[in-house]
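*Asks:* Pasting a predicted model and its sequence here:
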Amino acid sequence: MLRLLRTILRAGRATEPGPSADPSLVLPSHAGRLRGSLQVRLVDAGSCNGCEAEFAAAFGPVYDAERFGVRLVASPRHADALVVTGPVTRNMAVPLAKTWEATPGPKLVIALGDCAKDCGVFAGGHGVHGSVSDVVPVDVEIPGCPPSPDVIVAAMRRVAGG
Amino acid sequence: MNTTEAAFIAMAVAASAAVAAAIVLPARSRVVWVGVFTALSATAGGVASLAVLVGGDSFVTVIPDVFPLGGVRLEFDALSALFTFGTALVAVPAAVYGIGYSGQGPSSRPAQAAWPVLVWSVMMVPAAGNAIGLIALWELMALSSTVLVLAEHHHNAEARRAGQWYVAMTHLSLLAIALALFILVHQTGGESFAAMRAGAANVGPVAASTVFLLALVGFGVKAGVVPLHVWLPRAHPEAPSHVSALMSGAMVKLGVYGLLRVGWDLLDGGPLWWGAVVLTVGLISAMFGILHALVASDLKRLLAYSTTENVGLIFVGVGAAGMFAASDNRPLAAVALAAALLHVLNHGAFKGLLFLGAGSVLTATGTRNLDHMGGLGRRMPVTAATFAIGGMALAALPPLNGFVSEWLLLQSLVHSLPSEAASVAVAMPVAVAVVALTGGLAAAAFVKAFGSAFLAMPRSAEAEAAHESPFTMRTGMIALAGVCIALALLPTLLANPLERAIAPATGIADGAPISTNGVYVHLAGIQAGLSPLMLTLGLLIGVVAVFAVVRRSRARSTVRDIPPWGCGRTLQTSRMEYTATSFAEPLQRVFDDVLHPEIDVVVDHHTESRHYVESIRYHSETRDGIENRLYEPLLAVARRWGDRARSVQNGSIHRYLTYSLVVTVVVLLVSQ
């Protein structure tokens, strides 16, 4: 117990001041109803895990996206937005469609990374079904291979609004 | 001849007719007439007990020279009548149900002849008014129930083992009861209960406590309390289901009856520690029973363990009443005893109903294993609905009957403070905590049983092909569900009968524990009241209101119908469902130290590479800890002594003649 307290004291505060919302991102009209609170379900549709690593970092102690009202949830039933990474592989096409179906409306789909946008380097690959927009309607795209955590946080702040 | 007497004659005549029908008639019509006559006999028992409970009748008679040592005296007071009434409540629907059930299974002559005998003897035991009568009827009940436990032994080896356990334990019970009664007869100088009551003042404290402890063991075996419960989770699952219903709903309660009769009527109560012992036994039984019910995946075994739990709760009420009475808080003692007796009736009704439901599931699917059921709700709607009613009562949820008696029990325990006696002040908060925890675990056990049997998708071909039970079985279940609901809505009608029933237990109580104006229940000496009718009405209005709001909001917004969320799987099969075992697994982990489950995981690898798994076998079993640690060593010792004793009997006639000679000489010397 004491050791834990000492570690906490020694480590101090790791969080850095976060980036402000990215004004260049174009949002669909129903995103305005979020007013500072965004519940996100991450769907890995076949990513190389690069985007996952950066996404996890965005929610880690340094970037801490949660302080801006963005939360990761465990089920699409609880989500306002789906964050989809990677090119959509054949095996994930139906599950992704089902996840979209299971998310209550009004909902947002955020394509994270270049692969989600246009399959990136995997375009035309043998197991690749297509980009995210081939399966579900995409509302917001975050480019980058992979996008860095501050880009992700800036985009999330923009989507969450408030 | 008053009503009670006539009803007693009718009971005996109908039961004899049923036995005759079982012996004479061919299999097809046999089950029908046995069922009809047994139901009539039980109805007569109900009439007799109502005449005493409501009409204030009483009934004493002596049948001389039945046995070489003396006659049988019958004495039917209100305490007896309450237990006989509880039996009749279960026995009539069970007998009707038995017509359909036996038609598909145990229709043999011995099984059919034993069934009316069991019903009659369970109703008659409380009416016994002398030592020899009680012992004879008790043994008749034990023997007839043994025959029924063994009814399916031809194709079920487990039934034979259950029968052995049952015979051994039930005779331990008889031995202890007979000893208790003999000491009592010896000390009081009278053989009838009336004479014992009169002579109770002459019994010394040591003798009285010896009698009480023997009675606790003897009647405790029948009641199935820990650690004497081992026969119960074996015998109840193996007996035909309508018999399990009667055994669990009514027969085990006679243990409570006997303890009350001997401890607090004949001996007129005792010191504080009598109550404390009964309370402790009750608390341990309640916890132990419900924990094992929680992890059992055999439906009838689950219900049997839940019986141990509920008898434990009744013992808690009796024990608390004894402690209150010994510390001179007689109004509170009366409330606790009334709660216990009400729970006797309530548990009989809902546990009977649940066993009938389990039997209906068993005939439809051929299995008692909850892991192989599922999806039966759509296939067997009547069974599912009645089972849900019984299960909600078991979980003590309002507005059902289990709630009323557990609420009364908790009220009496909570209001024990402030108390003068330190032991009462310490024991009661613990009792409240245990009873409350038991209630929560009972709800979990019911959710497990109902959910894994009746909801979701079928997990086996048998469950897939299941269909609803025949008319008589449905009638029996609906009737008992009706009894549960009636007991839940109108316990106020039982206020006067309960007052009469606690009166004979003069060691505990006097006065009226419950006063009522027909709608509202008020407890004597406690600032607490309950109106079951209003509660139900309130709940009903609440449910209707919620439904109305949901319907309105559905009408205003757009509605999508989509399948349940299954983590995006493309394939959803019944293999992905919760089974009863997996549902209970987290709780099994929590209570690991008590339950000691044995878990084996065997992984077979491919011969080419250890990285590829060929098959995984998982085996998990929770054995009864008390059976393992207490009974197995005892049995081992008995076996060793038995082996040693073999050398005494070596087949030589000369040696046997020597034994006879030695014994004769010793007897002659001693008698000098």
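*Replies:* That came in fine, so what should we check first?
*Asks:* Please make it C-alpha for all contacts and neighbour counts, starting now.
*Replies:* OK.
*Asks:* and the gap between residue B:239 and residue B:227?
*Replies:* With distances defined as Cα to Cα, to the nearest Å, the gap from residue B:239 to residue B:227 amounts to 22 Å.
*Asks:* So which of these two has more stuff around it?
*Replies:* When residue B:239 and residue B:227 are compared on other Cα atoms under 10 Å in any protein chain shown, the one with more neighbours turns out to be residue B:239, at 26 against 18.
*Asks:* pretty sure that one is touching residue B:149, no?
*Replies:* Yes. Applying Cα atoms under 8 Å as the test, residue B:239 and residue B:149 come out as touching, 4.2 Å apart.
*Asks:* Pull up the overlap in contacts between these two.
*Replies:* residue B:159 (Cα atoms under 8 Å, 6 or more residues apart in numbering or on different chains).
*Asks:* Going along the chain, name the helices of the stretch 1-150 of chain B.
*Replies:* Listed in chain order, the helices of the stretch 1-150 of chain B (DSSP state H, counting those that start in this stretch) span residues B:3-24, B:27-53, B:78-103, B:109-124, B:131-149.
*Asks:* Deepest in the core, which of the ones you listed is it.
*Replies:* Comparing the helices of the stretch 1-150 of chain B by mean neighbour count (mean count of other Cα atoms under 10 Å in any protein chain shown), helix B:78-103 ranks first with a mean of 28.
*Asks:* Now do that one and helix B:27-53, the angle between them.
*Replies:* Using axes from the mean of the first three to the mean of the last three Cα atoms, to 10 degrees, the direction of helix B:78-103 lies 160 degrees away from that of helix B:27-53.
*Asks:* avg pLDDT for helix B:78-103?
*Replies:* Predicted confidence along helix B:78-103 averages 93 (mean pLDDT).
*Asks:* I'd like to know which elements it is packed against.
*Replies:* Using 3 or more Cα pairs under 8 Å, 6 or more residues apart in numbering or on different chains; DSSP states H and E as the contact test, the elements touching helix B:78-103 are helix B:27-53, helix B:109-124, helix B:241-246, helix B:253-259, helix B:330-365, helix B:471-489, helix B:495-502.
*Asks:* for these, which one sits closest to residue B:656?
*Replies:* Taking Cα to Cα as the criterion, helix B:109-124 is the member of the helices and strands packed on helix B:78-103 that comes nearest to residue B:656, at 38.1 Å.
*Asks:* With just CA atoms, put that closest one into CSV.
*Replies:* Coordinates of each C-alpha in helix B:109-124 appear next as CSV, following Å, rounded to 0.1, in the frame of the first residue of the first chain:
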residue,chain,number,x,y,z
ARG,B,109,-47.9,-52.8,-8.3
PRO,B,110,-45.5,-52.1,-5.4
ALA,B,111,-45.0,-48.5,-6.4
GLN,B,112,-48.6,-47.8,-6.9
ALA,B,113,-49.6,-49.5,-3.6
ALA,B,114,-46.9,-47.7,-1.6
TRP,B,115,-48.0,-44.3,-2.8
PRO,B,116,-51.4,-44.1,-1.0
VAL,B,117,-49.8,-45.6,2.0
LEU,B,118,-47.2,-42.9,2.0
VAL,B,119,-49.8,-40.1,1.6
TRP,B,120,-52.0,-41.6,4.4
SER,B,121,-49.1,-42.1,6.8
VAL,B,122,-47.6,-38.6,6.3
MET,B,123,-51.1,-37.2,7.1
MET,B,124,-51.5,-39.6,10.1
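*Asks:* Which of the helices or strands spans whichever residue of the stretch 451-600 of chain B sits closest to chain A?
*Replies:* Closest residue of the stretch 451-600 of chain B to chain A, Cα to the nearest Cα: residue B:568 (4.4 Å). Secondary-structure element containing residue B:568, defined by DSSP states H and E: none, the residue being outside all helices and strands.
*Asks:* gap between stretch B:241-254 and the chain center?
*Replies:* For stretch B:241-254, the distance between its averaged C-alpha position and the chain's averaged C-alpha position is 6 Å (Cα atoms, centre = their mean, to the nearest Å).
*Asks:* What distance separates the opening and closing residues of that stretch?
*Replies:* Taking Cα to Cα, the span from the opening residue of stretch B:241-254 to its closing residue is 19 Å.
*Asks:* Mind listing residues that contact it?
*Replies:* Contacts of stretch B:241-254 from elsewhere in the structure, counted by Cα under 8 Å, 6+ apart, are B:83, B:86-87, B:90-91, B:94-95, B:97-98, B:101, B:115, B:119, B:122, B:125-126, B:145, B:148, B:219, B:222-224, B:236-237, B:304, B:307, B:311, B:344, B:347-356, B:358-359.
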